[in-house]
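K.L.:
Mind folding the following:
(chains A and B)
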Amino acid sequence: MKYSLTAMLFLLVLATSLAQPNCNYFKLNGEMKRYEACLEAEKAAGHYQFSKEYQQVFDRVIQMDPTWAYPYRAKSVAYLKSGDFIEWKKLIDKAVEYDTLGYLEYRGWCRYQFFRDYKGAIEDLLLLKKLTNNDMGISVNGHYHLDIALALCYKAIGKTDLAIDLILEKLGDETYFVGVYDQLHLGVMYLEKGNYAKAIEFLDKQKKINDLSENRYYAALAHKALNQKEAYVENLSLAREYYQNKQRMHDVYTHHMDKVYMSTIENEERNGAN
Amino acid sequence: MPFKIYEMKGIPFALFILCIFFSCSAQTEQQQEYLRWIGDIAHDPKVDEVDFEICGSDSMVYQYFSLTHEDHIKEEKPYIEDYFLKNYNSVNLDQSGWIRIRFIVNCKGEAGRFRMTESDENYKERPFDQKISDQLLSLTKSLDAWNGFETAEQPIDYYQYLVFKIHQGRIEEILP
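P.N.:
From the prediction side, this is the model:
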């Protein structure tokens, strides 16, 4: 149930983040300049976001209404996906300048996902947390609540205890729908802290939500540390099986934190018993 | 005699203003010039390898993420990380930021048309010391990590990039 709700939220976020604005809204509000710009923006429909035609439509939209955040965000996506951090940042900064609440979550998340700009992402997400009264919502790809993304950034800069506290707080909230990788990351944090029992506890919980090669691999390491050979072998074997079946962390554009690869598993198979 | 703009009267002055106007327009036009897609790399015989050719045409080069599940990397991402870890010599300089090296992989898995983008930690464009940037470019050119693709209908060429997050002259992360 929780999983399907997460999927629904994902679709909702996708729909809202990529949706073309309703131009009539501006007309009804008497914002005629924005209404005209919005009609122009509709001409991008059907053009690939990387294409010259798409970019030119939004250049015209920006000329018509330079303080509308939407066209800057629309233009920025192709730069982000092509790894052009300079042009992406210029454009998304404009979007955030003109609609902070609307685009801060996107900028904060992308700084983490695409450029591992942990400090920048933390800055954005903390501001968003404040502006939204601690209700940041989920990442644009639907994989994480932004509180969990914030925790991952904390871990990356060495503040693992803070990261653990943040995730535990989130998981303790009865209204929170557990994310597809939350328990996995928490388990790995405990593993890295040397708290193997806690690591196994959360990696086991991950099994019930979204059983992956990753949670099996890290569970194997935790069992190995506790000299539980049978559980170690079983989990490592399942890590391989799941990996081969593509039952693993995946994102189209980037690689997740704590992602495991076949070479990682094979390396453990070769050297793990030593 | 020093040039004084207020001495320009009548038609010469109007011409001068028009000239500035069109010069600004030309600049705006130039800023808005695009290739087929954002991130496309046109062949430049002055800098590109003579022995690199794409299999199809420039108008048919894909993006790496249009390909199937991670299969474009031969040995998976840890292979690339290990390669740079072993071969990159950290440079003891107080320079941090990002370097993107973007290139095309042809249908045989060969890479070419390398282009570099560099910024500081605030995403402001600025070159790194060449001991850092040239080293990364040279290693990326020598990296043999990409799979080539061909379908029954056509050979596949695609754009790939590596972003290096640099902290004080050493590689902190390799993306995407």
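
K.L.:
So A:Asn227 lies in a helix, does it not?
P.N.:
No. Going by DSSP: H, G, I helix; E, B strand; the rest coil, the assignment for A:Asn227 is coil, not a helix.

K.L.:
What's the separation between it and chain B?
P.N.:
Look at A:Asn227 and chain B: by CB to the nearest CB, to the nearest Å, they are 27 Å apart. The C-beta positions use only the backbone N, C-alpha and C, and glycine is treated the same way.

K.L.:
Report the contact partners of B:Gly112.
P.N.:
Shown in contact with B:Gly112 (CB atoms under 8 Å, 6 or more residues apart in numbering or on different chains): B:48-49, B:52-54, B:103-104, B:106.

K.L.:
swap the cut-off to 10 Å and go again
P.N.:
Neighbouring residues of B:Gly112 by CB atoms under 10 Å, 6 or more residues apart in numbering or on different chains: B:41, B:43, B:48-54, B:103-106, B:141, B:157.

K.L.:
secondary structure element for it?
P.N.:
Assigning secondary structure by DSSP states H and E places B:Gly112 in strand B:111-119.

K.L.:
can you give me the offset of that strand from its chain's centre?
P.N.:
4 Å (CA atoms, centre = their mean, to the nearest Å).

K.L.:
what are the phi and psi angles of the residue nearest the centre of chain A?
P.N.:
The centroid of chain A falls nearest to A:Ser139 when counting by CA atoms, centre = their mean (4.5 Å). Backbone torsions of A:Ser139, given as degrees, to the nearest 10, read phi -70, psi 160.

K.L.:
Surely A:Leu238 and A:Tyr218 touch.
P.N.:
No. With contact defined as CB atoms under 10 Å, A:Leu238 does not reach A:Tyr218; the gap is 11.8 Å.

K.L.:
Run a quick neighbour tally on residue 134.
P.N.:
Chain wasn't specified; assuming chain A. Number of residues near A:Asn134 (other CB atoms under 10 Å in any protein chain shown) recorded here: 9.

K.L.:
please go with chain B instead
P.N.:
As a burial measure, B:Asp134 scores 12 neighbours (other CB under 10 Å).

K.L.:
Buried ones in the helix or strand in which it is found, by neighbour count?
P.N.:
Using DSSP H and E, B:Asp134 sits within helix B:130-142. Residues B:132-133, B:135-137, B:139-140 are the ones in helix B:130-142 that count as buried (16 or more other CB atoms under 10 Å in any protein chain shown).

K.L.:
what residues are up against whichever residue of chain B sits closest to chain A?
P.N.:
Of all residues in chain B, the one sitting closest to chain A is B:Gly39 (3.2 Å; CB to the nearest CB). By CB under 10 Å, 6+ apart, the contact list for B:Gly39 reads A:50, A:78-79, A:81-84, A:87, B:61, B:63, B:100, B:102, B:115, B:117, B:159, B:161.

K.L.:
B:Gln130 too?
P.N.:
Residues in contact with B:Gln130, defined by CB under 10 Å, 6+ apart, are B:91, B:137.

K.L.:
what's the spacing between the residue of chain A found nearest chain B and B:Trp37?
P.N.:
For chain A and chain B, the shortest gap (CB to the nearest CB) falls at A:Ser82, measuring 3.2 Å. Distance, A:Ser82 to B:Trp37, using CB to CB, to the nearest Å: 8 Å.

K.L.:
Could you report the pLDDT at the residue of chain B closest to chain A?
P.N.:
Per-residue confidence (pLDDT) for B:Gly39: 96.

K.L.:
for B:Phe21, same thing?
P.N.:
42.
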